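S.K.: Would you be able to build a 3D model of this:
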Amino acid sequence: MDKDTRPSRKYSPVKVSKDPKQLEAMQKVEENRISISRTLASNGKNGSSWLSFIRDPNDIEGRYHKKNTPAIVISGGSAKKLANEMSRNYSLAFHPKNMRGEPVYIMVHKEDYETYHSELNTLMTQNKNLHLVGWDGGKLTGFGASRAAALSFADSLPYKPDRVLMMDQDVVQTEGTRHTRPEIKSNISRIHNDGKKVIAGYGVGYPTRQEVPSPFSELEAPTASDFNSPAQQFVSIESPFRGRLSDGIYPAYMITGGEDMLMGLDLELVENGHNNSVLNERIIKKQLKGSADTPNRYWNESRVETLKELFESEKDTTFSFEGQTITLDELMKLFADRKWISKHPSAESYNTASCVIERVILRRNKLDKDKMITDKSIFNRL
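M.R.: Model (predicted):
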């Protein structure tokens, strides 16, 4: 990795060898990550991990039923920006005005709940289908944990929806991905039913953000190579959302961005370089405008604590790097010396170290599909 390519490799700072001789060592890395995550999630509660949710006690759902399709929007540190965006226009795909009465749940970590409740209160009063949920997974945070929490929440809904929409907080409504269009509903049902896929994507996701396209404008179609990626950013997921000893389709122990990729590998969504679970459209994301949330305790404190504890348990993992045997700790020192990261130890280096570990986990699952770890659950252990 060089300094110029580091921004584009936020989730993939290294390339991992395809040598099958390393499979046993790779599996130990994954098993260790699962074990650490369970310890963090249990938070000292006699080894049993848990998830709980925070709701406004006056927020009732009696008007919803099984055929409702709620949207669950995973958010963090953007309460003021979301309030600003949703007050200005209806460009976001999950805006209550775009949902035709379907419920919208903004899913945030418990550390963000009060800030979001304060900022979104007026919007929730104006839009009775807009709801706020806080999730608590002990000391375990991260992207995989938040998606596992979203599916656990979906599983707990009293009206037992047949499916849910899950989307990122910056996804824009476009005509090609508008979930209320009859032909798009039909195509998503086809992927679920005829394609026998538990997850269906409304399009191909991209890391870059752009200006909101004009209504009914035609967008450039995804290229063939774009389909070599998991369903992400804007998806439909069918019930049951969890099973016995299962957190659902997302691995909660993939903390720093590998959860979508591992989910795609587990479900074998991509065949011969093409993901058959997504529609042939582009998912558009916008830059959210507005003030930053301060203090942002989830991102700056809880998330960093998770990353630090992961690093302390994984720092002695050994790698062969540039012909030398080196530990993860030494690798991060080398990255800092070469100015690829700012310094080590730091929140940035802990995050980068976790990304390295997750690249190893992904490589193992690509190389050894026949020997999947059968029990990957972190929260749903009973």
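S.K.: Going by C-alpha atoms from here, please, whenever you check contacts or count neighbours.
M.R.: Fine.
S.K.: Spit out the contact partners of Glu211.
M.R.: Applying C-alpha atoms under 8 Å, 6 or more residues apart in numbering to Glu211 gives the contacts Lys286, Gln287.
S.K.: Check the secondary structure at it for me.
M.R.: coil (DSSP: H, G, I helix; E, B strand; the rest coil).
S.K.: Next one: it, what pLDDT does it get?
M.R.: With respect to pLDDT, Glu211 has a value of 90.
S.K.: in this protein, which spans are helices?
M.R.: 23-42, 79-88, 113-126, 143-156, 182-193, 259-266, 297, 303-314, 328-337, 347-367 (DSSP state H).
S.K.: Please identify the most buried of these.
M.R.: Of all these, helix 143-156 has the most neighbours on average by mean count of other C-alpha atoms under 10 Å, namely a mean of 23.
S.K.: picking up where we left off before, can I get the helices of the chain in JSON lines including mean pLDDT and distance to Asp375?
M.R.: JSON lines is the format used below for these (pLDDT from 0 to 100; distance: least, C-alpha to C-alpha, whole Å):
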{"stretch": "helix 23-42", "mean pLDDT": "94", "distance to Asp375": "9"}
{"stretch": "helix 79-88", "mean pLDDT": "97", "distance to Asp375": "36"}
{"stretch": "helix 113-126", "mean pLDDT": "97", "distance to Asp375": "31"}
{"stretch": "helix 143-156", "mean pLDDT": "97", "distance to Asp375": "15"}
{"stretch": "helix 182-193", "mean pLDDT": "97", "distance to Asp375": "25"}
{"stretch": "helix 259-266", "mean pLDDT": "95", "distance to Asp375": "12"}
{"stretch": "helix 297", "mean pLDDT": "94", "distance to Asp375": "32"}
{"stretch": "helix 303-314", "mean pLDDT": "98", "distance to Asp375": "20"}
{"stretch": "helix 328-337", "mean pLDDT": "96", "distance to Asp375": "26"}
{"stretch": "helix 347-367", "mean pLDDT": "95", "distance to Asp375": "14"}
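S.K.: any chance of these in TSV, plus distance to Ile249?
M.R.: Listed next are the helices of the chain as TSV, based on distance: least, C-alpha to C-alpha, whole Å:
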stretch	distance to Ile249
helix 23-42	15
helix 79-88	27
helix 113-126	25
helix 143-156	8
helix 182-193	15
helix 259-266	6
helix 297	28
helix 303-314	22
helix 328-337	29
helix 347-367	15
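S.K.: Nearest to Asn280 among the ones you listed would be which one?
M.R.: Proximity to Asn280 (C-alpha to C-alpha) singles out helix 182-193 among those, at 10.4 Å.
S.K.: helices and strands around the closest one, which ones?
M.R.: Where contact means 3 or more C-alpha pairs under 8 Å, 6 or more residues apart in numbering; DSSP states H and E, helix 182-193 is packed against strand 199-201.
S.K.: outside of the strand it packs on, which residues touch it?
M.R.: 188, 191-192, 231-232, 234-238, 277-279.
S.K.: Farthest pair within those?
M.R.: Glu238 and Leu279 (16.3 Å).
S.K.: For those two, indicate the residue with more neighbours.
M.R.: Taking neighbours as other C-alpha atoms under 10 Å, Glu238 and Leu279 compare with Leu279 leading, 22 against 17.
S.K.: show me what contacts the more buried one?
M.R.: Asn187, Ile188, Ala200, Gly201, Tyr202, Gly203, Val204.
S.K.: And the residue nearest to Leu92 when sequence neighbours are not counted, how far from Met86?
M.R.: Computed as C-alpha to C-alpha, 6 or more residues apart in numbering, the closest residue to Leu92 that is not its neighbour in sequence is Val172, at 4.4 Å. Going from Val172 to Met86 by C-alpha to C-alpha, to the nearest Å gives 12 Å.
S.K.: shared neighbours of the two, anything?
M.R.: Leu92.
S.K.: closest to Pro158 among the contacts of strand 199-201?
M.R.: Nearest to Pro158 among these, with distances taken as C-alpha to C-alpha, is Glu238, at 15.9 Å.
S.K.: If we ignore the residues flanking it in sequence, what's nearest that closest one?
M.R.: Residue nearest to Glu238 in three dimensions, not counting chain neighbours: Arg163, with 4.2 Å by C-alpha to C-alpha, 6+ apart.
S.K.: and that neighbour, what does it touch?
M.R.: Contacts of Arg163 by C-alpha under 8 Å, 6+ apart are Thr69, Pro70, Ser236, Ile237, Glu238, Ser239.
S.K.: Sort out for me which of those residues are in strands.
M.R.: Among those, the ones falling in strands (DSSP state E) are Ser236, Ile237, Glu238.
S.K.: ok, the second one - contacts?
M.R.: With contacts taken as C-alpha under 8 Å, 6+ apart, Ile237 has the following neighbours: Arg163, Val164, Leu165, Met166, Val198, Ile199, Ala200.
S.K.: per-residue pLDDT, the first one?
M.R.: Same thing as Arg163. We have a pLDDT of 97 for Arg163.
S.K.: again with the last one
M.R.: In the prediction, the pLDDT value recorded for Ala200 is 98.
S.K.: Quickly list what it is bridged to.
M.R.: Ser236 (DSSP bridges).
S.K.: quick one: it from Ser236, how far?
M.R.: 5 Å.
S.K.: go on, the third one?
M.R.: Relative to Ser236, Leu165 is positioned 5 Å away (C-alpha to C-alpha).
S.K.: which of these two has more neighbours?
M.R.: Ser236 (25 against 22).
S.K.: For Arg363, which residues are in contact?
M.R.: Val16, Ser17, Lys18.
S.K.: Excluding covalently adjacent residues, which one is nearest to the first one?
M.R.: Distances taken as C-alpha to C-alpha, 6+ apart put Val360 closest to Val16, at 6.3 Å, once the chain neighbours are dropped.
S.K.: That neighbour contacts Met26, correct?
M.R.: Yes - the criterion here is C-alpha atoms under 8 Å, and Val360 meets it with Met26 at 6.3 Å.
S.K.: Alright, I will stop here.
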